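> here you go, sequence then predicted model.
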Amino acid sequence: MIVSKISFFKSDFAKNIFTLVSATALAQVINFGFNVFLTRIYTPASFGALSIFTSLVGFILVVASGKYDIALVVATDRDEAKGLLTVGTWLTFISALVCLIASWVIYMVPIHFYDQSVVRNWLYLIPVAVIFLSLFQLFWMWNVREKKFKTVSFIRPLEAFINNGLCILLKGYQATGLLLGSLAGQFVSMLLITGISLQGEGIGLFAHHIKKLKTLSVKYAEFPRINILQGIIDTLQISILVLIASAYFPAAEIGYYALCMRILQVPMRLIVLPFSHVFFAEASEALRDGRDLYQLVKRSTYQIGIWTVALPIVLITGGAFIFKLIFGAEWYTAGIYAGVLSPWIFLDIIRAPIAQVASILGRQKQILFLSVLSSAILLITVVTNVALHSSFVILLSCVSATQCLMTALIIFTIFKMAKKAAPTKA
């Protein structure tokens, strides 16, 4: 047991995780440090507006690249991966163009869409955010396939510094200042990851004939067919509460929830994202080489659980006090919300990396069914509480309880899936 633990920390898998975790940790330290100031110069309503914009962009990002960013990691050879990168890039610009036309229609008709929110003035910026974020994701996953973790690890901290620094400089613009800071950070990150990816090969990274691109699109059609729906469901779980509740609860409540999720996302970005990227590359390679995927899932789950188990304990017992102390008395309520949601977030942190096993094994439909069921329960929970005129904290408590049960069921299913895929002993 001791030998296996030592070998884990010496493995390339662990080294890659620690490379991304250390860089992401620095980014989160920067974010957290700036948040202490941002919560004192921006109102809860400003954070709520940014949260609505982010939710809208999130839905579009699910379809923007056709989910070929995932496909290129598991592609059988490097040439196919290049082709899928090209397909994803073209789809990104097409998606942005569609968003631009939709924004123009909303303004010109006019369609009543977030009339009472500053978000309505930002609709023409949605295509911009889609291009920045979708291209970043495509080129990031290319580097994940290439395992160039050290090369790209500095980007996240730099993005955090630019984003937050500009938010402080633009404090006089309130919610718009938060938005412009976010877009600036995304723009710099996209330029850097694109430049790094094109080094050495240049435009050759996209050198593919139309016929070959069509062939690749058909060969990997399962990824957009299944993963887009899965992505919509996952995004729905994150955003539906904001998009529905913003019509029935005060803007300040949405702002408290936005900061609460902003802080709860710290362990998600700090541990889960780098862990997921390394796990995806390692698990894909393990399957290609005929190694035991089940043991990798077990080991990964144990590690991430140990690293994050303190999260719900600390937030349940002292979340309100911590938020009040760090962010100011105005944000006490956000700390209460964080404590309520922390058990669900903890289980979701465990689920997120290993959920990629379904894509690797081509078993997405099984997880998709559970995700659809989970989202349906979430939607019913939100709508029921709105209809009953429940308080926001009661609504969040019901959401957290039902989603904890569904997330635990998904984790159990993934373990069964990985165990069935384990190589048969001679």
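That came in fine, so what should we check first? These numbers were taken from a predicted model, which means no experiment stands behind them. Residues are numbered from 1 along each chain as shown.
> and for the nearest residue to residue 152 once chain neighbours are set aside, the neighbour number?
Nearest residue to residue 152, sequence neighbours excluded (CB to CB, 6 or more residues apart in numbering): residue 143, at 4.9 Å. Bear in mind the C-beta positions are built from the backbone N, C-alpha and C, glycine included. Per other CB atoms under 10 Å, the neighbour tally for residue 143 reads 19.
> got the confidence number for residue 143?
Looking at residue 143, its pLDDT reads 86.
> show me the contacts for it.
149, 151, 152, 193, 196, 197 (CB atoms under 8 Å, 6 or more residues apart in numbering).
> in which helix or strand would I find it?
Remark: residue 143 resides in helix 126-146, with elements defined by DSSP states H and E.
> residues of stretch 88-108 that come out buried?
88, 89, 91, 92, 95, 96, 99, 100, 102, 103, 106 (16 or more other CB atoms under 10 Å).
> and what of stretch 243-252?
Neighbour-count burial for stretch 243-252, counted by 16+ other CB under 10 Å, picks out 243, 245, 246, 249, 251.
> about what we covered before: narrow the contacts of residue 143 to those in helices?
Members of those lying in helices (criterion: DSSP state H): 149, 151, 152, 193, 196, 197.
> between those, which is closest to residue 168?
The shortest approach to residue 168 among those belongs to residue 193, at 24.9 Å (CB to CB).
> can you pull the pLDDT of that closest one?
92.
> which ones are touching it?
By CB under 8 Å, 6+ apart, the contact set of residue 193 is 135, 136, 139, 140, 143, 152, 155.
> from residue 19, how far out is it?
Distance, residue 193 to residue 19, using CB to CB, to the nearest Å: 16 Å.
> residue 395 contacts residue 382, doesn't it?
Yes: checked against CB atoms under 8 Å, the pair residue 395 and residue 382 is within contact range at 6.7 Å.
> which one's more surrounded, these two?
Per other CB under 10 Å, whichever of residue 395 and residue 382 has more neighbours is residue 395, with 24 against 21.
> name the nearest residue to that one, ignoring sequence neighbours.
Using CB to CB, 6+ apart and skipping the chain neighbours, the partner closest in space to residue 395 is residue 385 (4.0 Å).
> CA atoms of the helix or strand containing residue 297 as CSV?
Assessed by DSSP H and E, residue 297 sits inside helix 293-308. Output in CSV follows, covering the C-alpha atoms of helix 293-308 (Å, rounded to 0.1, in the frame of the first residue of the first chain):
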residue,chain,number,x,y,z
LEU,A,293,-9.3,1.8,-16.0
TYR,A,294,-11.2,0.8,-12.9
GLN,A,295,-8.1,1.1,-10.7
LEU,A,296,-7.4,4.6,-12.1
VAL,A,297,-11.0,5.6,-11.3
LYS,A,298,-10.8,4.3,-7.7
ARG,A,299,-7.4,6.0,-7.1
SER,A,300,-8.6,9.3,-8.6
THR,A,301,-11.8,9.4,-6.6
TYR,A,302,-9.9,8.7,-3.4
GLN,A,303,-7.4,11.4,-4.0
ILE,A,304,-9.9,14.1,-4.9
GLY,A,305,-12.2,13.1,-2.0
ILE,A,306,-9.4,13.5,0.5
TRP,A,307,-8.3,16.8,-0.9
THR,A,308,-11.8,18.4,-0.8
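> returning to what we had before: what comes up buried for the helix holding residue 143?
126-145.
> and if you look at stretch 388-400?
When neighbours are counted by 16+ other CB under 10 Å, the buried residues of stretch 388-400 are found to be 392, 395, 396, 397, 398, 399, 400.
> now do the contacts for the fifth one.
In other words, residue 398. Counted by CB under 8 Å, 6+ apart, residue 398 has contacts 381, 384, 385, 390.
> emit the PyMOL select command for whichever of the residues you listed are buried.
A single PyMOL command suffices to select whichever of the contacts of residue 398 are buried according to 16+ other CB under 10 Å:
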select buried, resi 381+385
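> now, the most widely separated pair of the contacts of residue 398?
Farthest-apart pair in those is 381 and 390; separation 10.0 Å (CB to CB).
> can you pull out the helices in the stretch 201-350 of the chain?
210-219, 222, 228-245, 251-267, 273-289, 293-308, 310-327, 332-354 (DSSP state H, counting those that start in this stretch).
> so which of these gets nearest residue 50?
The closest of the helices of the stretch 201-350 of the chain to residue 50 is helix 251-267. By CB to CB, the value is 6.9 Å.
> now do the buried residues in the closest one.
For helix 251-267, the neighbour count (16+ other CB under 10 Å) marks 251, 253-267 as buried.
> and it, what's its mean pLDDT?
Averaged across helix 251-267, the pLDDT comes to 83.
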